[in-house]
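Turn this into a structure:
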Amino acid sequence: MKKLLVLIAIAALSATATYSQGQATDAPRQVKAGEAIPLGNGLNLRVTKAAKSPFTGVKLQGSPVVVVLEFDGNKSSSVSYTLTPNAKSELYLMSGAQKIAPLAVIEDFPAWGEDNDKEIEVLNANEIGAVTLNFGQKGTVSLLFDVPAAQVKSPQKFSLTIQTIKPNNQKYSAVVSL
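Below is the predicted model of the structure:
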C-alpha cells in the first residue's frame with residue numbers, strides 16, 4: 001500500500017511539473033523597448049516608441065503615441081497578424097489599465113520598390129484586419145495610437161502576437177515596456 005501511495009505521489013508531482021513548464025512557454029515574452037525579439041532563422045523584431053509622429057492629418061481626441069516595429073531579416077520573410085481599430089487587434093497599447101487599439105498604420109519596406117508608398121492608412125473598423133507582410137531584409141511598421149490625455153503619463157506597454165509564415169511557421173507573443 002505504501003508503494004502505491006509513493007507511486008501516486010511521484011506521478012502527481014511529475015504531472016504538475018510538466019503542466020507548469022507548458023504554461024511558461026505560452027506566456028508572452030517580456031522585453032524592453034529596443035530589445036531584439038528573435039522570430040526564428042535570422043528574423044528579428046525591435047519595438048520602439050517614436051519621438052515624433054509621422055501621422056500628419058490624422059485627427060485625434062487625445063495625444064499621439066507612435067509605436068514602430070522594425071523587422072530585420074537576412075532573407076525573404078513573411079509575417080501575419082490581425083490589425084484593427086478595436087479589441088480584436090493582435091497589436092495594441094496598454095496605457096495604465098486601458099487597452100488602446102491602433103488608429104492608423106504606415107508600412108515602409110524598401111525591398112518593395114515602387115510598391116513601397118509609405119502612405120498613411122487609417123484603419124477601418126468594418127474590415128477584418130488580417131495582415132500578411134512579405135519582405136526581404138529590413139522594414140518598419142509604424143502604428144498610431146490615440147491616448148486619452150488622462151493616460152499620457154501612465155506606464156505604457158505594447159502587446160503583440162505575430163505569426164511568422166516564412167522562414168518558419170510559428171506564433172510569437174511579447175509585451176514591450178515603452
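
Every contact and neighbour count from this point should use C-alpha atoms.
Will do.

what comes up buried for the strand ranked longest in the chain?
Longest strand in the chain, counting residues (DSSP state E): strand 63-82. The neighbour-count check on strand 63-82 (16 or more other Cα atoms under 10 Å) flags 64-73, 77-82 as buried.

quick one: average confidence on it?
Mean pLDDT, strand 63-82: 90.

okay, that strand in PDB with CA atoms only?
Taking Å, rounded to 0.1, in the frame of the first residue of the first chain, the C-alpha atoms of strand 63-82 are listed here in PDB:
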ATOM      1  CA  SER A  63      -2.200  62.600 -27.600                       C
ATOM      2  CA  PRO A  64      -0.400  60.600 -30.300                       C
ATOM      3  CA  VAL A  65       1.700  57.700 -29.400                       C
ATOM      4  CA  VAL A  66       3.600  56.100 -32.300                       C
ATOM      5  CA  VAL A  67       5.000  52.600 -31.900                       C
ATOM      6  CA  VAL A  68       7.500  51.400 -34.500                       C
ATOM      7  CA  LEU A  69       8.000  47.700 -35.300                       C
ATOM      8  CA  GLU A  70      11.400  47.300 -37.000                       C
ATOM      9  CA  PHE A  71      11.700  44.000 -38.900                       C
ATOM     10  CA  ASP A  72      15.300  42.900 -39.700                       C
ATOM     11  CA  GLY A  73      15.900  39.700 -41.600                       C
ATOM     12  CA  ASN A  74      18.700  38.300 -43.800                       C
ATOM     13  CA  LYS A  75      16.400  36.700 -46.300                       C
ATOM     14  CA  SER A  76      12.900  36.600 -47.600                       C
ATOM     15  CA  SER A  77      10.300  36.600 -44.700                       C
ATOM     16  CA  SER A  78       6.500  36.600 -44.200                       C
ATOM     17  CA  VAL A  79       4.600  37.500 -41.100                       C
ATOM     18  CA  SER A  80       0.900  37.700 -40.300                       C
ATOM     19  CA  TYR A  81      -1.200  39.400 -37.700                       C
ATOM     20  CA  THR A  82      -4.600  41.000 -37.100                       C
END
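
Which elements pack onto that strand?
Under the contact definition 3 or more Cα pairs under 8 Å, 6 or more residues apart in numbering; DSSP states H and E, strand 63-82 sits against strand 44-49, strand 130-147, strand 156-166.

got the angle between the shortest one and strand 156-166?
Same thing as strand 44-49. 160 degrees (axes from the mean of the first three to the mean of the last three Cα atoms, to 10 degrees).

Tell me the strands beside strand 44-49, with direction?
Next to strand 44-49 in the sheet, as set by DSSP bridges, lie strand 36-38 (antiparallel), strand 63-82 (antiparallel).
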